[in-house]
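J.: Fold the following.
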Amino acid sequence: MGKLTTCAISFLIAAALGTGSDAVFGQTVFRVIDEHGNVTFTDNPGRGGEALELAPLPSLPPGLSAATASVATPATGRPRGKPGQPFMPYDHFSIALPQQGARLPERSTAVEVAIAPPLRDDHQVRLIVNGEISQTALHSDVFWLTGLPAGQHELQAELLDSSQRLQHRTPAVTITVP
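T.: Model prediction:
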């Protein structure tokens with residue numbers, strides 16, 4: 001599948017906004033792939049390509065701007081983080097599994113981090129084992145830890161903001177690999 005070009009995105013937005021009505025109705029566009037694999041979109045059926053039916057775009061209630069609507073998440077209604085906004089603290093940030101004092105039957109385990117409210121889109125978590133970074137920062141609350149040598153190991157997770165600054169660190173969890 002080819003790349004979606006800025007022109008194609010602009011075309012789709014312009015086509016959607018160009019109707020001049022409050023609600024944008026569905027429209028057929030054609031997805032054309034050239035010999036180099038570049039993808040373009042057109043409303044001209046003469047250029048060939050695959051016909052796509054665009055679904056109608058929802059309209060915003062009166063008084064609600066697009067900028068305001070994009071900040072709230074539909075499921076929770078809580079503000080969604082945008083890069084550059086001030087840091088929003090978390091109510092809970094800890095390692096849920098494995099639990100403190102766990103004896104692992106194998107040299108690998110999943111590490112689950114409990115985060116409440118849910119991890120913001122612009123935040124990442126990294127895993128620390130015995131004071132060293134074991135897993136680079138990811139937008140995830142689950143990590144897979146493998147190849148642990150026998151002995152005790154101290155696990156911690158660190159939460160990084162959009163500028164990769166450390167904002168939270170979990171209490172240490174000590175596990176044993178026999």
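
J.: Show me the domain layout of the chain.
T.: The record's domain parsing of the chain by automatic domain parsing lists 6-69, 92-177.

J.: most packed of those domains?
T.: For the domains of the chain, the largest average neighbour count (mean count of other C-beta atoms under 10 Å) is found in domain 92-177, namely a mean of 15. C-betas here are computed from N, CA, C, even on glycine.

J.: Kindly check the end-to-end length of that one for me.
T.: Taking C-alpha to C-alpha, to the nearest Å, domain 92-177 runs 27 Å from one end to the other.

J.: And stretch 130-146, by the same measure?
T.: First-to-last residue span, stretch 130-146, C-alpha to C-alpha: 14 Å.

J.: swap in stretch 98-105?
T.: For stretch 98-105, the first-to-last residue distance is 12 Å (C-alpha to C-alpha).

J.: which other residues reach it?
T.: 109, 111, 148, 155, 173-178 (C-beta atoms under 8 Å, 6 or more residues apart in numbering).

J.: mind putting those residues in TSV, distance to G48, pLDDT and secondary structure included?
T.: Formatted as TSV, the contacts of stretch 98-105 follow (distance: C-beta to C-beta, whole Å; pLDDT from 0 to 100; DSSP: H, G, I helix; E, B strand; the rest coil):
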residue	distance to G48	pLDDT	secondary structure
T109	53	89	strand
V111	51	93	strand
L148	57	89	coil
L155	56	95	strand
V173	59	96	strand
T174	64	96	strand
I175	60	96	strand
T176	65	95	strand
V177	61	92	strand
P178	65	89	coil
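
J.: would you list every one of the helices in the protein?
T.: 6-17, 66-69 (DSSP state H).

J.: so where's the chain shaky on pLDDT?
T.: The chain contains residues with pLDDT under 70 at 1-27, 41, 52-88.

J.: What ranges does it have for its strands?
T.: 27-33, 39-42, 50-54, 92-97, 109-116, 124-129, 132-138, 142-145, 151-160, 166-169, 173-177 (DSSP state E).

J.: Generate TSV for those, with distance to R103 as supplementary columns.
T.: TSV is the format used below for those (distance: least, C-beta to C-beta, whole Å):
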stretch	distance to R103
strand 27-33	55
strand 39-42	53
strand 50-54	55
strand 92-97	13
strand 109-116	11
strand 124-129	16
strand 132-138	19
strand 142-145	15
strand 151-160	10
strand 166-169	24
strand 173-177	5
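
J.: Contacts only, for the closest residue to A96 other than its chain neighbours.
T.: Spatially, and ignoring its direct neighbours in sequence, A96 is nearest to A114 (4.1 Å; C-beta to C-beta, 6 or more residues apart in numbering). Taking C-beta under 8 Å, 6+ apart, we find A114 in contact with 92-96, 141.
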